[in-house]
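Participant: need the 3D shape of this:
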Amino acid sequence: MRVLGIDPGLTRCGVGVVEGVAGRPLTMLGVGVVRTSSDAELGDRLVAVERGIEQWLDEHSPSFVAVERVFAQHNVRTVMGTAQASAVAMLCAARRGIPVALHTPSEVKAAVTGSGRAEKAQVGAMVTRLLRLDAPPRPADAADALALAICHIWRAPAQNRLQQAVAAHRTQGAPDTPRTPRTSRTLKGPTA
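Facilitator: Numbering: from 1, shown residues only. Sure, this is the predicted structure:
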């Protein structure tokens with residue numbers, strides 16, 4: 001499985017490609033950042049993010065794209081930029097028919113470090129160890145993109161089995177489950 005992980009952002013959009021299967025050593029095929037100038041117009045920045053992601057898709061031909069799910073922050077401007085870059089990433093993949101998976105930051109941290117509350121430095125250190133790199137990828141957006149790809153490789157098999165089971169359950173129809181009659185109990189307190 002070859003996964004392009006994308007840590008969306010308007011100024012720095014982290015991208016990283018990891019190949020492998022769950023339970024075996026993984027291989028990093030590329031890592032980087034698509035950058036845009038904060039002085040540029042929003043439309044121009046989104047086009048630059050699109051072009052950057054398209055180049056990564058052309059170069060690496062991933063079978064899946066894993067994007068960080070946008071979560072609420074206090075800074076609305078940051079959330080908007082992240083959401084816009086995330087939408088561009090999903091659009092680029094969908095245009096090519098590449099499945100997209102969204103993973104929350106805590107899900108990625110838990111998959112890579114064992115703790116959903118891990119710090120960025122811990123994520124970078126584990127990505128370095130898991131991919132047998134000489135040093136953590138810089139900036140942190142690049143390491144986060146690799147962590148997203150790793151998370152998807154490790155979690156996709158279980159998620160796929162769950163989705164298949166749900167689909168099979170729906171096509172077969174849910175069996176009627178007998179209802180258990182409700183009984184009422186009277187609580188007896190002390191008698192007067």
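
Participant: ranges for the helices of the chain?
Facilitator: For the chain, the helices identified by DSSP state H occupy 42-60, 76-95, 105-113, 120-130, 140-172, in order along the chain.

Participant: which strands or helices does the second one pack on?
Facilitator: Taking 3 or more Cβ pairs under 8 Å, 6 or more residues apart in numbering; DSSP states H and E as the contact definition, the neighbouring helices and strands of helix 76-95 are strand 2-7, helix 42-60, strand 64-68, strand 100-103. In short, each C-beta sits where N, CA and C put it, glycine included.

Participant: what helices or strands is the first one leaning on?
Facilitator: The helices and strands touching strand 2-7, judged by 3+ Cβ pairs under 8 Å, 6+ apart, are strand 12-19, helix 42-60, strand 64-68, helix 76-95, helix 140-172.

Participant: S115 is nearest to which of the ones you listed?
Facilitator: When these are ranked by distance to S115, counting by Cβ to Cβ, first place goes to helix 140-172 at 12.7 Å.

Participant: got the angle for the closest one vs helix 120-130?
Facilitator: Between the axis of helix 140-172 and that of helix 120-130 there is an angle of 80 degrees, by axes from the mean of the first three to the mean of the last three Cα atoms, to 10 degrees.

Participant: when you compare where helix 140-172 runs with where strand 64-68 runs, what's the angle?
Facilitator: 110 degrees.

Participant: got the angle between the helix-or-strand element of the chain with minimal mean pLDDT and helix 42-60?
Facilitator: Within the chain, confidence by mean pLDDT, DSSP states H and E is lowest for helix 140-172 among all helices and strands, at a mean of 84. Orientation of helix 140-172 against helix 42-60 (the same axes, to 10 degrees) gives an angle of 80 degrees.

Participant: chain center to helix 140-172: distance?
Facilitator: Centre-to-centre, helix 140-172 and its host chain are 9 Å apart (Cα atoms, centre = their mean, to the nearest Å).

Participant: same question, stretch 27-41
Facilitator: With Cα atoms, centre = their mean as the basis, the mean position of stretch 27-41 lies at 17 Å from the chain mean.

Participant: first to last residue in that stretch, what's the distance?
Facilitator: The distance separating the two terminal residues of stretch 27-41, taken as Cα to Cα, to the nearest Å, comes to 37 Å.

Participant: next one: stretch 60-68
Facilitator: 19 Å.

Participant: which residues touch it?
Facilitator: Under the criterion Cβ atoms under 8 Å, 6 or more residues apart in numbering, residues 1-8, 17, 29-30, 57, 86, 89-90, 92-93, 98-105, 108, 144, 148-149, 151-152, 156 lie in contact with stretch 60-68.

Participant: got a PyMOL select line for the buried ones in these?
Facilitator: Entered in PyMOL, the line below selects the buried ones among the contacts of stretch 60-68, by 16 or more other Cβ atoms under 10 Å:
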select buried, resi 1+2+3+4+5+6+7+8+17+29+57+86+89+90+92+93+98+100+101+103+105+108+144+148+149+151+152+156
